[in-house]
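Chemist: Sequence first, then the predicted structure, then my questions.
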Amino acid sequence: DTEVTQTPKHLVMGMTNKKSLKCEQHMGHRAMYWYKQKAKKPPELMFVYSYEKLSINESVPSRFSPECPNSSLLNLHLHALQPEDSALYLCASSQLGQGGEQYFGPGTRLTVT
Amino acid sequence: DQQVKQNSPSLSVQEGRISILNCDYTNSMFDYFLWYKKYPAEGPTFLISISSIKDKNEDGRFTVFLNKSAKHLSLHIVPSQPGDSAVYFCAASVIYNQGGKLIFGQGTELSVKP
């Protein structure tokens, strides 16, 4: 099973709203990732969690707040976003120390109005 | 500074023929190179990877070639099928103890015509 699930599939939020994106995997992977993908662009890494601890933050603005409650779940809390934050947000997971393959979820299409 | 480059935004091939997608990189420190396939409104799907110490890896219709001296890799799809039509991303991986970091190229949109 190489499935990573993400909810919601679509999200529309105002600039003053607070919302959360959720990601789940049951592959026993100990590394989980958040990526952001704008239209016609490649995915860009935002955060890496390993063993439920934040290990990489790619200088992401504080209006994005990640959380890893346990080894299967990864959340991204959103607050006071800007319209330019509208994008596809992808979650991925991987084994640690393996061949680099990361398995992606279907993404959450976020629109900030 | 783009570390991974796919210079062809699009490629069109006939069904049954070979598709060759190319990728160049600038950093010799990458541990693995990977190819992902992406349909609209879906996440990238892992296709095939190659270790930086190898020069070829094959999986069914997909073969990846790595030329380290030229810092170039390519994905060959033989024979191409209409279902292969998608955007293909080349990615380079740096492996840390705490996980891995993927750096993606800009993508090449492959269209396989019946």
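Modeler: Great, that's in hand.
Chemist: Now for the closest residue to B:Asp59 other than its chain neighbours: which residues touch it?
Modeler: Once flanking residues are discounted, B:Asp59 sits nearest to B:Ile48: 5.1 Å by C-beta to C-beta, 6 or more residues apart in numbering or on different chains. Backbone N, C-alpha and C define where each C-beta goes, glycine included. Residues counted as contacts of B:Ile48 (C-beta atoms under 8 Å, 6 or more residues apart in numbering or on different chains) are B:34-35, B:57, B:59, B:62-64, B:75.
Chemist: same check, this time on A:Gly28
Modeler: A:Ser71.
Chemist: what's the distance between it and A:His77?
Modeler: 25 Å (C-beta to C-beta, to the nearest Å).
Chemist: out of the contacts of B:Ile48, who's nearest chain A?
Modeler: Set against chain A, the nearest of the contacts of B:Ile48 by C-beta to the nearest C-beta is B:Leu34 (6.1 Å).
Chemist: Report pLDDT for the closest one.
Modeler: With respect to pLDDT, B:Leu34 scores 96.
Chemist: what does B:Ser69 give?
Modeler: 94.
Chemist: for the residue sitting nearest the centre point of chain A, what are its contacts?
Modeler: The centroid of chain A falls nearest to A:Trp34 when counting by C-alpha atoms, centre = their mean (3.0 Å). Listed by C-beta under 8 Å, 6+ apart, the contact set of A:Trp34 reads A:23, A:45-47, A:64, A:66, A:74, A:76, A:89-91.
Chemist: Just grab the bridge partners of A:Leu76 for me.
Modeler: On the basis of DSSP bridges, A:Leu76 is bridged to A:Leu21, A:Pro66.
Chemist: Name all residues that make contact with it.
Modeler: A:20-21, A:23, A:34, A:46-47, A:64-67, A:89, A:91.
Chemist: and chain A, which residues reach chain B?
Modeler: A:2, A:4, A:6, A:31, A:33, A:41-45, A:48-51, A:53, A:55-56, A:90, A:92, A:94, A:96-107, A:109 (C-beta under 8 Å from any C-beta of the partner chain).
Chemist: May I see the ChimeraX selection of the buried members of the residues you listed?
Modeler: The ChimeraX command for the buried members of the residues of chain A next to chain B (criterion: 16 or more other C-beta atoms under 10 Å in any protein chain shown) is given here:
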select /A:4,6,31,33,42,43,44,45,48,49,50,56,90,92,94,100,101,102,103,104,105,106,107,109
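Chemist: if you look at the residues of chain A next to chain B, which of them are in strands?
Modeler: When those are checked against strands (DSSP state E), the matches are A:4, A:6, A:31, A:33, A:44-45, A:48-50, A:53, A:55-56, A:90, A:92, A:94, A:103-104, A:109.
Chemist: Give me the helix or strand of chain B that scores worst on average pLDDT.
Modeler: The least trusted helix or strand in chain B, going by mean pLDDT, DSSP states H and E, turns out to be strand B:99-104, with a mean of 87.
Chemist: Lovely, talk soon.
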